[in-house]
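Q: Next input, structure requested:
(one chain, ligands or ions: 1)
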Amino acid sequence: MQKVVIVGGGITGLTAAYYLQEKAQQAGIEVDYLLLEQGPRLGGKIVTETENGFVVEGGPDCFIREKPAVLQLAAKLGISDKLLPSNDASTGTFVLSGGKLHQLPDGLMILVPTKIIPFALSPLITWPGKLRMGLDLILPRKKTASDESLGSFVTRRLGKEALDKIGEPLIGGIHGGNSQTMSLKASFPRFIKMEEEQRSLIVAMLKARAKAPKPAPPKPGEAKKTYFMSFKGGMQDLIAGLAASLAPEKLVSGVKVEKITARKGGGYSLALAKGETIEADAVILTTPAWDTAELLTPLDTAIAQELLNIPQASSATITLIYRKQDVKDLGSFGFVIPASEGRQINALTFTSVKWNHRVPNPDFVSLRTFVGGGRNQELASLPDTELVQIARAELADILGIQGEPVYSKVHHWIQSRPQYVLGHLDGLTRIEARLKEHHAGLSLAGASYRGIGVPDCVNDGERAATDTVAFLHQTGKSAAR
Ligand SMILES: Cc1cc2nc3c(=O)[nH]c(=O)nc-3n(C[C@H](O)[C@H](O)[C@H](O)COP(=O)(O)OP(=O)(O)OC[C@H]3O[C@@H](n4cnc5c(N)ncnc54)[C@H](O)[C@@H]3O)c2cc1C
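A: Reported below is the predicted structural model:
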């Protein structure tokens with residue numbers, strides 16, 4: 001039987017294992033696989049911690065419905081009943097500007113205004129800034145097809161104020177990235193298509209909104225479909241659902257792979273930190289780019305160097321749980337903070353307002369703040385106590401929260417948020433070409449390459465499984481000979 005080793009037990013690795021089984025069965029071939037994870041638990045950046053009825057997300061707290069991969073996977077895994085819509089009643093997001101919180105105007109789609117009256121009435125953007133955004137309606141298309149940064153694109157189409165007050169803080173909050181270095185082609189290809197097809201982003205968004213089908217009402221027992229979705233027990237429900245669908249003996253935690261070398265006649269040898277060696281006909285590496293570079297250095301220094309060129313930002317999430325009477329309810333999901341405000345935190349989510357099932361009863365309010373990412377990355381490495389102090393001082397200043405939190409939890413993500421900077425897709429093309437030419441049966445998948453969101457990782461895990469099954473089907477070799 002042909003053998004596949006998957007390295008990394010985050011969402012990409014587990015999805016690759018799931019689809020490897022499915023695709024092999026569909027192709028009528030027998031495949032044995034083993035997933036190796038260096039840490040003590042599965043999930044990678046998906047970390048949900050549940051304590052005294054508080055459900056705390058250390059990494060992602062949701063996924064977007066627009067990319068259907070997670071919803072489809074949840075249906076296959078039989079966990080659709082665990083899906084959790086966000087609480088629509090409080091959909092507003094605020095922006096801190098000039099020390100005050102302003103609601104993002106209704107009708108703002110990503111960064112683009114699509115409703116004139118709420119936009120005109122919003123005090124967030126000055127009148128010159130609003131007029132500059134309106135210029136998008138008449139500005140010509142970009143002449144060349146070369147890549148540009150998200151910051152340059154937003155400034156060119158909508159102006160600097162739109163970038164500073166809306167684009168940069170939203171992107172910093174969501175991508176943990178810097179809009180001045182972020183590749184538009186790799187991160188927001190949709191904007192390029194809009195400009196190519198419609199010239200004006202405002203026109204393109206209005207047309208897209210008019211065409212978008214209304215989400216079908218949920219069937220009995222089905223979760224309502226909101227833009228952001230999660231799971232009742234937290235994102236860990238997805239990891240648990242995947243793990244339950246796979247044979248436990250195939251998922252091995254606490255095993256670090258140290259290096260990968262090619263075998264004579266095809267296939268790969270994986271040297272484990274414990275001294276053992278494992279043989280495989282095909283390998284799927286779902287480890288973050290810099291870890292993958294280390295694994296591949298003995299095999300291909302050129303690929304390893306390309307991987308090291310993908311910057312990894314550092315960030316931290318700080319969750320604070322307060323008694324309800326200590327927090328003024330904004331009736332919103334939270335707020336983002338532009339760099340120009342000079343704050344140490346970038347954003348805040350009212351977790352227990354956005355989602356049900358996050359606190360045991362309405363007497364508690366759960367807040368999550370972010371530091372690092374696109375700016376102030378050095379803060380991410382501070383000790384937990386200092387980060388809690390920073391978050392509390394900022395929240396006291398911005399929201400007037402004076403009470404003691406009843407619970408706090410910090411999660412650090414050091415050099416582990418991939419940044420798709422200008423040239424990212426060119427680097428990826430060079431990596432793919434080398435893999436194809438020199439390393440048959442070796443796939444790289446995960447957040448460092450084709451999308452950082454959980455749905456992107458699910459898509460990439462499936463893609464890697466499909467490619468691997470096609471390769472095995474073609475070669476029909478066995479490592480067990
Ligand atoms: C704070 C934060 C908030 C986020 N918010 C969102 C959000 O709300 N929505 C969203 O869609 N996305 C969000 N993301 C992004 C998303 O969570 C990640 O991109 C995704 O979970 C990455 O999955 P992965 O499987 O590719 O990588 P990882 O989760 O990093 O998994 C890789 C695994 O490989 C293992 N590994 C590494 N080296 C070795 C080795 N040598 N041997 C064996 N194992 C190894 C690691 O231990 C790890 O478990 C967020 C990310 C962070 C950090």
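Q: how long is stretch 166-186 end to end?
A: Using C-alpha to C-alpha, to the nearest Å, the end-to-end distance of stretch 166-186 comes to 20 Å.
Q: Ok, stretch 156-164 next?
A: Stretch 156-164 has an end-to-end distance of 13 Å (C-alpha to C-alpha).
Q: so where's this protein uncertain?
A: Within the chain, the stretches with pLDDT under 70 are 89-91, 172-174, 330, 477-481.
Q: Spell out which parts of it neighbour the ligand.
A: For the chain, the contact set with the ligand under C-beta under 6 Å from any ligand atom comprises 7-13, 36-39, 44-46, 59-63, 256-257, 286-288, 291, 295, 315, 317, 413, 417, 446-447, 452-454, 457. Any C-beta I mention is one placed from the backbone N, CA and C, and that applies to glycine too.
Q: Type out the ChimeraX command that picks the buried ones from those residues.
A: Buried subset of those, written as a ChimeraX selection, criterion 16 or more other C-beta atoms under 10 Å:
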select :7,8,9,10,11,12,13,36,37,38,44,45,46,59,60,61,62,63,257,286,287,288,291,295,315,317,413,417,446,447,452,453,454,457
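Q: Filter the residues of the chain next to the ligand down to the ones in strands?
A: 7, 36-37, 63, 257, 315, 317, 413, 417 (DSSP state E).
Q: Walk me through the domains of the chain.
A: Domain ranges of the chain: 2-40+237-310+421-475, 107-211, 312-418, per automatic domain parsing.
Q: The first one spans what distance, first to last residue?
A: So the one you mean is domain 2-40+237-310+421-475. With C-alpha to C-alpha as the measure, domain 2-40+237-310+421-475 spans 10 Å from end to end.
Q: just the shortest one next, same as before
A: Across its full length, domain 107-211 reaches 15 Å end to end, with C-alpha to C-alpha as the criterion.
Q: Now A339: closest residue in space, sequence neighbours ignored.
A: Nearest non-adjacent residue to A339, counting by C-beta to C-beta, 6 or more residues apart in numbering: R375, 5.5 Å away.
Q: So what's the residue count around the closest residue to the ligand within the stretch 101-250 of the chain?
A: Distances between the stretch 101-250 of the chain and the ligand by C-beta to the nearest ligand atom are smallest at G176, namely 6.6 Å. By other C-beta atoms under 10 Å, 24 other residues sit near G176.
Q: List the residues that contact it.
A: Contacts for G176 (C-beta atoms under 8 Å, 6 or more residues apart in numbering) come out as 313, 315, 370, 372-374, 413, 417.
Q: quick one, phi/psi of it?
A: Phi and psi for G176, reported as degrees, to the nearest 10, are phi 60, psi 30.
Q: what's the answer for the one 3 residues further on, then?
A: When quoted as degrees, to the nearest 10, the phi and psi of S179 stand at phi -60, psi -20.
Q: Look up how far A339 lies from it.
A: S179 sits 10 Å away from A339, going by C-beta to C-beta, to the nearest Å.
Q: neighbour-wise, which of these two wins?
A: Counted by other C-beta under 10 Å, S179 and A339 do not tie: S179 has more neighbours, with 25 against 16.
Q: Now do the contacts for the more buried one.
A: Each residue near S179 by C-beta under 8 Å, 6+ apart is listed here: 149-151, 154, 163, 167-168, 171-172, 374.
Q: In a markdown table: the residues you listed, plus neighbour count and secondary structure.
A: Putting the contacts of S179 into a markdown table (neighbours: other C-beta atoms under 10 Å; DSSP: H, G, I helix; E, B strand; the rest coil) gives the following:
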| residue | neighbour count | secondary structure |
| --- | --- | --- |
| S149 | 18 | strand |
| L150 | 27 | helix |
| G151 | 20 | helix |
| V154 | 26 | helix |
| L163 | 24 | helix |
| G167 | 23 | helix |
| E168 | 27 | helix |
| I171 | 25 | helix |
| G172 | 26 | helix |
| G374 | 24 | coil |
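Q: which of those lies closest to L77?
A: Nearest to L77 among the contacts of S179: I171, at 31.3 Å, using C-beta to C-beta.
Q: Could you verify that the residue nearest to A339 is part of a strand?
A: No: R375: not assigned to a strand; according to DSSP: H, G, I helix; E, B strand; the rest coil it is coil.
Q: unless I'm mixing things up, it is touching I345, no?
A: No: if you go by C-beta atoms under 8 Å, R375 and I345 don't touch, sitting 10.7 Å apart.
Q: on that earlier part again, tabulate the contacts of S179 (a markdown table), appending distance to G423.
A: Compiled in a markdown table, these are given as follows (distance: C-beta to C-beta, whole Å):
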| residue | distance to G423 |
| --- | --- |
| S149 | 11 |
| L150 | 14 |
| G151 | 16 |
| V154 | 19 |
| L163 | 21 |
| G167 | 21 |
| E168 | 21 |
| I171 | 18 |
| G172 | 21 |
| G374 | 18 |
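Q: which of the residues in the longest helix seen in the chain are buried?
A: Criterion DSSP state H: the longest helix present in the chain is helix 454-475. For helix 454-475, a neighbour-count test (16+ other C-beta under 10 Å) marks 454-469, 471-472 as buried.
Q: who touches stretch 69-82?
A: Stretch 69-82 is contacted from outside by 15, 18, 63, 65, 83, 221-223, 225, 229, 231-233, 237-238, 241-242, 244-245, 454-456, 458-459, 462, using C-beta under 8 Å, 6+ apart.
Q: show me what contacts whichever residue of the stretch 51-200 of the chain sits closest to the ligand?
A: Going by C-beta to the nearest ligand atom, the ligand is nearest to P60 of the stretch 51-200 of the chain, at 3.1 Å. By C-beta under 8 Å, 6+ apart, the contact set of P60 is 45-46, 235, 453-454.
Q: same thing but at 7 Å, please
A: 45-46, 235, 454 (C-beta atoms under 7 Å, 6 or more residues apart in numbering).
Q: Kindly report the same for G400.
A: G400 makes contacts with K328, as judged by C-beta under 7 Å, 6+ apart.
Q: What separation is there between it and the ligand?
A: 26 Å (C-beta to the nearest ligand atom, to the nearest Å).
Q: tell me the contacts of the nearest residue to A216 once chain neighbours are set aside?
A: Spatial nearest neighbour of A216, excluding adjacent residues (C-beta to C-beta, 6+ apart): K225 at 7.9 Å. Taking C-beta under 7 Å, 6+ apart, we find K225 in contact with 65, 85, 215, 218.
Q: what's the answer for K354, then?
A: Contacts for K354 (C-beta under 7 Å, 6+ apart) come out as 86-87, 333.
Q: Buried by neighbour count, from the residues you listed: which ones?
A: Buried by 16+ other C-beta under 10 Å: 86, 333, out of the contacts of K354.
Q: any chance of the contacts of K354 in a markdown table, plus distance to R199 and secondary structure?
A: Formatted as a markdown table, the contacts of K354 follow (distance: C-beta to C-beta, whole Å; DSSP: H, G, I helix; E, B strand; the rest coil):
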| residue | distance to R199 | secondary structure |
| --- | --- | --- |
| S86 | 33 | coil |
| N87 | 37 | coil |
| F333 | 32 | coil |
